[in-house]
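Asks: Here's my sequence, what's the structure:
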Amino acid sequence: MAKKHGLHADMPPPAVGGGSPLIKLFLRHLANAGKAKGTLRNYRDTLTLFLGYFDHQDPGAITTDMLDEFFEDLRIKRSPATVNLMKSAVRSFYQYLLDGDKIVKDPSRRIKNEKAVRKSPGIFSVEQLRAFLKAMADAIGDPPRPGPMRDSMMFQMAYNTGLRVGELVQVNIEDVDGKRTLEVIGKGKKLDTVPLNLTIRSALRRYLSWRKAQKVKDGKALFVNRLGKRITTRGVEFQLENWLKKAKIDAKLSPHSLRHTFGTNIMRASRNIRTTQRLLRHANVTTTQIYTHVDDDQTRSAVENLN
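Replies: Residues are numbered from 1 along each chain as shown. Presented below is the predicted three-dimensional model:
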């Protein structure tokens with residue numbers, strides 16, 4: 001076997017395609033099939049790492065035992081869920097090669113998924129959410145500072161709508177200007193309608209009055225970065241981490257925690273799993289069942305408070 005490079009989890013992924021024509025052809029195939037840009041990036045990074053591990057030798061020469069070795073190394077620094085996503089990329093790649101008669105045997109067909117325990121994202125407590133939003137509001141100033149002004153609106157919107165971070169960054173000014181609902185392209189490229197409550201409509205009126213006066217490169221995007229371009233999901237994550245520190249909140253929270261907090265509070269207020277499912281836009285109610293712990297907590301509390 002050729003000398004392998006090994007894995008360095010802290011290193012950034014190589015350039016697009018890693019110089020491999022096969023990866024480039026595979027990604028083009030996926031793009032033509034309508035795969036999302038995020039999926040293409042993930043597959044690109046995984047496959048570049050994968051082929052680099054074996055010094056970019058012919059994928060047809062890589063055996064099942066070699067694949068086992070690669071994934072064993074991955075387990076050291078990657079979560080089971082991440083390893084499973086990477087396995088999916090490798091399997092899809094080999095299926096493409098097999099279908100195109102570029103290999104005669106698929107070494108990935110016997111690779112089984114990791115047993116992953118599904119963990120709920122953290123949620124903001126009432127006190128944490130108040131401190132988090134207050135830190136941004138206090139920093140806006142007069143005249144408004146662009147960063148705090150944008151972030152205050154951005155995170156208020158994330159919490160009050162339950163938008164996924166990928167959906168949040170794609171919102172345009174025209175999507176919310178004077179609207180009571182927001183149409184988004186959700187999972188599976190499905191068109192979803194999201195209600196905009198009074199809190200968000202009032203905040204948007206103030207924000208849009210300021211935002212429309214800003215001369216930036218991207219005149220359509222609701223939220224832009226310091227370069228005037230549409231903010232990225234990583235930019236949202238970075239800003240959330242920044243404001244958590246400023247609010248002195250020491251907890252493992254992410255942009256998805258705002259969506260999870262939204263779902264938890266909707267379940268607590270409505271006590272109706274179907275309402276929660278509708279507002280979170282889950283295709284299957286079983287996905288929403290994670291929020292039934294709210295009722296369990298309330299039930300236990302009621303029993304404990306019996307005289």
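
Asks: Would you agree Y43 falls within a helix?
Replies: Yes. Assignment of Y43 by DSSP: H, G, I helix; E, B strand; the rest coil places it within a helix.

Asks: show me where pLDDT drops low in this protein?
Replies: Counting by pLDDT under 70, the chain has low-confidence residues at 1-19, 116-121, 188, 293-307.

Asks: Tell me the buried residues in the lengthiest helix in it?
Replies: Determined from DSSP state H, the single longest helix within the chain is helix 80-99. Across helix 80-99, burial judged by 16 or more other C-beta atoms under 10 Å covers 82-94, 96-98. Where you see a C-beta, it was placed from the backbone N, CA and C, and this is true even at glycine.

Asks: quick one: the strands in the chain?
Replies: For the chain, the strands defined by DSSP state E occupy 181-185, 191-195.

Asks: and the last one, which strands flank it?
Replies: Same thing as strand 191-195. strand 181-185 (antiparallel) (DSSP bridges).

Asks: which residues sit against the partner strand?
Replies: 161, 163, 167, 170-171, 175-176, 191-196 (C-beta atoms under 8 Å, 6 or more residues apart in numbering).

Asks: Between all of those, which two are at the greatest distance?
Replies: Spatial extent of those (C-beta to C-beta) is set by the pair Q170 and P195 at 17.9 Å.

Asks: quick one, which of those two is more surrounded?
Replies: For the pair Q170 and P195, the greater number of neighbours falls to Q170 (17 against 13), based on other C-beta atoms under 10 Å.

Asks: ok, that one - contacts?
Replies: 184-185, 230.

Asks: and the gap between it and Y159?
Replies: Q170 is 18 Å from Y159, where distance means C-beta to C-beta, to the nearest Å.

Asks: repeat for D177
Replies: Taken as C-beta to C-beta, the span from D177 to Y159 is 20 Å.

Asks: Please say which of the two ends up with more neighbours.
Replies: With neighbours defined as other C-beta under 10 Å, D177 and Y159 compare such that Y159 has more, 21 against 13.

Asks: need the helices for the stretch 201-307 of the chain, in chain order.
Replies: 233-246, 255-270, 273-280, 285-288, 293-304 (DSSP state H, counting those that start in this stretch).

Asks: what's the angle from the longest one to helix 233-246?
Replies: Our comparison of helix 255-270 with helix 233-246, counting by axes from the mean of the first three to the mean of the last three C-alpha atoms, to 10 degrees, yields an angle of 70 degrees.

Asks: Not counting its own residues, what contacts helix 255-270?
Replies: Contacts with helix 255-270, where a contact means C-beta under 8 Å, 6+ apart, come from 120-124, 129, 155, 158-165, 168, 233, 236-237, 240, 273, 275-276, 279-280, 288, 291-292, 294-295, 298.

Asks: do the same with the shortest one
Replies: Under the criterion C-beta under 8 Å, 6+ apart, residues 263, 273-274, 276-277, 280, 282 lie in contact with helix 285-288.
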